[in-house]
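Asker: next input, structure requested:
(chains A and B)
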Amino acid sequence: AQSVTQLDSQVPVFEEAPVELRCNYSSSVSVYLFWYVQYPNQGLQLLLKYLSGSTLVESINGFEAEFNKSQTSFHLRKPSVHISDTAEYFCAVSLPRAGGTSYGKLTFGQGTILTVHP
Amino acid sequence: DVKVTQSSRYLVKRTGEKVFLECVQDMDHENMFWYRQDPGLGLRLIYFSYDVKMKEKGDIPEGYSVSREKKERFSLILESASTNQTSMYLCASSLFTRNEQYFGPGTRLTVT
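Answerer: Okay, here's the model as predicted:
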């Protein structure tokens, strides 16, 4: 079975500072990796995903994440954060064979609350 | 855009009541999921469904049941609500061959 650990429950930063949200996973097989974001009083939105290919993936709003197979990590980074990035961020894994018995189930980490201060 | 809607944003129920949470998606997705979200625990899968009338238990199915009579609709049922079921409930859907899930806005359920 897969598991996901988000190493920080809360990360406070000042506006325009860089940030890294850490995610480690455990799996005996290859996995797909995701970052979701949840703004206050909303559902989750997909931020970015790693399925295969380049280990560095980017989102449209300046976040990026790097898949590191040897360290089983998928850390999320942004070089300069904005107040509007304040949200809870979830790392998730799934088995690649969505059409098989995995049915695309996601296993989530505990979440990291990013608070950006002015 | 994929749209997943949930019947209520906020719900207050009494202990012992039967509670129905409804979820509807408009993109013809085969898979639908129910999660509960609690602080510090992330999202935990309660049940999922990969086809009409088909259902599978997730990680925490105890105290819950589900119904999927139509492809677009997936209902979560609390047969006899208890205070430890106070939580945020999130519904999601995905295509059978894809892993990306699309989430509804959530229902915050309080059981008193």
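
Asker: could you use CA atoms for every contact and neighbour count after this?
Answerer: Noted.

Asker: so what's the spatially most central residue of chain A bridging to?
Answerer: Centroid-nearest residue in chain A, with CA atoms, centre = their mean: A:W35, separated by 2.9 Å. Listed by DSSP bridges, the beta-bridge partners for A:W35 are A:L48, A:C91.

Asker: what about it, distance to A:A65?
Answerer: 8 Å (CA to CA, to the nearest Å).

Asker: so for stretch A:74-94, mean pLDDT?
Answerer: Average pLDDT, stretch A:74-94: 96.

Asker: burial count for B:D59?
Answerer: Look at B:D59: counted by other CA atoms under 10 Å in any protein chain shown, it has 11 neighbours.

Asker: how about it, what does it touch?
Answerer: With contacts defined as CA atoms under 8 Å, 6 or more residues apart in numbering or on different chains, B:D59 is in contact with B:44-47.

Asker: strands - which of those land there?
Answerer: B:44-47 (DSSP state E).

Asker: out of these, which are close to chain A?
Answerer: Near chain A, taking CA under 8 Å from any CA of the partner chain as the test, the members of these found are B:R44.

Asker: which one of the ones in strands among the contacts of B:D59 is nearest B:K71?
Answerer: Distance to B:K71, by CA to CA, is smallest for B:Y47 among these, at 15.4 Å.

Asker: and the nearest residue to A:L44 once chain neighbours are set aside, how far from A:E16?
Answerer: Leaving aside its chain neighbours, A:L44 sits nearest to A:Q38 (4.6 Å; criterion: CA to CA, 6 or more residues apart in numbering or on different chains). To A:E16, A:Q38 is 20 Å away according to CA to CA.

Asker: count of neighbours near B:S80?
Answerer: 14.

Asker: from B:K18, how far out is it?
Answerer: Going from B:S80 to B:K18 by CA to CA gives 5 Å.

Asker: now the residue nearest to the centre of chain A: how far from B:Q101?
Answerer: Counting by CA to CA - A:W35 and B:Q101 are separated by 11 Å.

Asker: give me the element A:S54 is part of.
Answerer: For A:S54, there is no host helix or strand (DSSP states H and E).

Asker: point out where chain A drops to low pLDDT.
Answerer: Along chain A, segments meeting pLDDT under 70 span A:97-103.
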